[in-house]
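> fold the following, please.
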Amino acid sequence: MSNTLVIIPTYNEKENIEAIIKAVFSQEMLFDILVVDDNSPDGTSKIVQRLQKEFPNLFLEIRNEKTGLGTAYIHGFKWALNKNYEYIIEMDADFSHNPNDLIKLYNACDKDGADFSIGSRYLNNSINVVNWDFKRLFLSYFASRYVKFITQIPIFDTTAGFVCYKRKVLENIELDEIKFVGYAFQIEMKFKSWKRNFKHKEVSVIFTDRKKGTSKMSASIISEAVFGVIKMRFRELLK
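Predicted coordinates:
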C-alpha cells in the first residue's frame, strides 16, 4: 500500500479509464488509485471492477448519482483520510493531466516542504495548454486572473484541477462546509487552504485537452465560478 492516493472522479469515461489507470500504475513511484464513479451509464465502473482483479491497490466508490465534481472529490477526500493516506492527489480521467507529472506534485510536498502543490498551466503568466480553442483558453486564463484579483490569493492557476494535498490540509478544512460543486470547487479549496496559512507550491505542467470522451464543462459551472468567487470573498470578509 502506498502513502499516496490518486483520486480520479468519473462519469462516462469508459474510453479513458483503463488507459489512465494503467498509466498511473506504470510510474516508477507506487501510487494507489481511488475511482469515484457517479454511476456512469456507459459502464465505467464495470471496467474498474475488472481491473481490480489485476491491481490490488485500485479502489472504487460508486455514488448513486451525478452531483458534481466537488462532491465527488470530497467523498474521495473523506475516504482517503479514513484510510490514513499522507498525500492525496486530484486527477482527471481524460489525460488532460499527464500521469508523468504525478511525481512532481508529490515531490513538491514531500521534498520541498509544500502543504499543497498545484500542477499549474499558467505559472508566472506562461500558458501551457494544448488543443484548446481560443475561446476556452481565454476563459480559463482570465478566470484565474480574475480569481487572483478578487481574492488576492498568490496563485497563478487558481482553477487548476491537478493538485496534491497533505492530509493535514484536508483535516483542517471543514470539508462539509465547502459550498461549490463545479468549477469553483477548485478555487474554494485553494482559497481556504491559503487562508489557513498552508504553504503552497506551483509546478509547471502541460495541460492537454481530452482526445476521447466528452467535456463536462457547462454554462452553469462557469457562472458558479464567476459569481461564486465574489460570494466567497464576501463571506471571508464578514468573518
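> can you pull out the helices in this protein?
17-25, 44-52, 69-82, 102-110, 134-151, 167-172, 183-195, 219-238 (DSSP state H).
> mind putting those into JSON lines with mean pLDDT?
Shown next, in JSON lines, are the helices of the chain (pLDDT from 0 to 100):
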{"stretch": "helix 17-25", "mean pLDDT": "98"}
{"stretch": "helix 44-52", "mean pLDDT": "98"}
{"stretch": "helix 69-82", "mean pLDDT": "96"}
{"stretch": "helix 102-110", "mean pLDDT": "98"}
{"stretch": "helix 134-151", "mean pLDDT": "78"}
{"stretch": "helix 167-172", "mean pLDDT": "97"}
{"stretch": "helix 183-195", "mean pLDDT": "91"}
{"stretch": "helix 219-238", "mean pLDDT": "64"}
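> most tightly packed of the ones you listed?
Of all those, helix 183-195 has the most neighbours on average by mean count of other C-beta atoms under 10 Å, namely a mean of 23. C-betas here are computed from N, CA, C, even on glycine.
> how far away is Ser204 from Lys231?
Separation of Ser204 from Lys231 (C-beta to C-beta, to the nearest Å): 31 Å.
> can you pull the contacts of the residue nearest to Gly161 when sequence neighbours are not counted?
Closest residue to Gly161 apart from its sequence neighbours, by C-beta to C-beta, 6 or more residues apart in numbering: Gln186 at 5.3 Å. Under the criterion of C-beta atoms under 8 Å, 6 or more residues apart in numbering, the neighbours of Gln186 are Thr158, Thr159, Ala160, Gly161, Val163.
> quick one on the thing from earlier: now tabulate the helices of the chain in JSON lines and tack on distance to Ile118.
Compiled in JSON lines, those are given as follows (distance: least, C-beta to C-beta, whole Å):
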{"stretch": "helix 17-25", "distance to Ile118": "19"}
{"stretch": "helix 44-52", "distance to Ile118": "27"}
{"stretch": "helix 69-82", "distance to Ile118": "15"}
{"stretch": "helix 102-110", "distance to Ile118": "8"}
{"stretch": "helix 134-151", "distance to Ile118": "11"}
{"stretch": "helix 167-172", "distance to Ile118": "12"}
{"stretch": "helix 183-195", "distance to Ile118": "7"}
{"stretch": "helix 219-238", "distance to Ile118": "17"}
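> quick one: closest of those helices to Val36.
helix 69-82 (4.6 Å; C-beta to C-beta).
> re earlier: out of the helices of the chain, which gets nearest to Tyr11?
Of all the helices of the chain, helix 44-52 sits nearest to Tyr11, with 7.5 Å by C-beta to C-beta.
> now the angle from that closest one to helix 17-25?
40 degrees (axes from the mean of the first three to the mean of the last three C-alpha atoms, to 10 degrees).
> list the contacts of helix 44-52.
Outside helix 44-52, the residues touching it (C-beta under 8 Å, 6+ apart) are 10-14, 17-18, 21-22, 35, 37, 39, 58-60, 62.
> from these, which two are the most distant?
Lys22 and Asn39 (23.2 Å).
> re earlier: which one of the contacts of Gln186 is nearest Tyr106?
Val163 (11.6 Å).
> nearest residue to the closest one in space, please, no chain neighbours.
That would be Glu90: by C-beta to C-beta, 6+ apart, it lies 4.8 Å from Val163.
> near the one you found, how many other residues are there?
The tally of other residues near Glu90 (other C-beta atoms under 10 Å) stands at 26.
> do the same with Ile173
20.
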